[in-house]
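Novice: Fold the following.
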Amino acid sequence: SLTFGERPKIILQGYAPTGFDVLNTVKKIDENEQIESGTVHMNGSIMAFPFGCFLWGVTKPEDVTLESIASVFLHKPSLEY
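Specialist: Down below sits the predicted model:
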């Protein structure tokens, strides 16, 4: 399901050489607006969770370390693998 309660899950909508287009990251202030839920282009690597998406300072495989993925272990609620 793409919703959990009142919080919509984020959707990785597209990829370009500069980064990712992420849907449902910005909430509409005026519900009468004709645009869909906010899409943000995130430049670079990202760390994506069901309800949030963050820039990730990794540019090559060698940069992936336990320290660089610490946010996965700190994420609440715990992720199901």
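
Novice: switch to C-alpha atoms for all contacts and neighbour counts from now on
Specialist: Will do.

Novice: tell me the contacts of G19?
Specialist: H41, M42, N43, G44, S45 (CA atoms under 8 Å, 6 or more residues apart in numbering).

Novice: what's the spacing between the nearest residue to the third one once chain neighbours are set aside and L74?
Specialist: Once flanking residues are discounted, N43 sits nearest to G19: 4.4 Å by CA to CA, 6 or more residues apart in numbering. G19 is 24 Å from L74, where distance means CA to CA, to the nearest Å.

Novice: measure the residue nearest to N43 to L55 for me?
Specialist: G19 is 10 Å from L55, by CA to CA.

Novice: Give the residues shared as contacts by the two.
Specialist: With CA under 8 Å, 6+ apart, G19 and L55 have common neighbours M42, N43, G44, S45.

Novice: Take those residues and lay them out in CSV including distance to I11, secondary structure and neighbour count.
Specialist: Shown next, in CSV, are the shared contacts of G19 and L55 (distance: CA to CA, whole Å; DSSP: H, G, I helix; E, B strand; the rest coil; neighbours: other CA atoms under 10 Å):
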residue, distance to I11, secondary structure, neighbour count
M42, 13, strand, 17
N43, 16, strand, 14
G44, 16, coil, 15
S45, 15, coil, 16
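
Novice: which stretches of this structure form helices?
Specialist: 70-74 (DSSP state H).

Novice: Low-confidence ranges, it, go.
Specialist: Applying pLDDT under 70 to the chain flags the ranges 1-6, 27-31, 33-37, 76-81.

Novice: Can you name the residues that contact the residue nearest in space to the middle of it?
Specialist: With distances taken as CA atoms, centre = their mean, C53 lies nearest the centre of the chain, 2.3 Å away. By CA under 8 Å, 6+ apart, the residues touching C53 are I10, V22, T25, I46, M47.

Novice: and with 7 Å instead?
Specialist: By CA atoms under 7 Å, 6 or more residues apart in numbering, the contact list for C53 reads I46, M47.

Novice: mind checking how far it is from M47?
Specialist: From C53 over to M47 the distance is 6 Å, taken as CA to CA.
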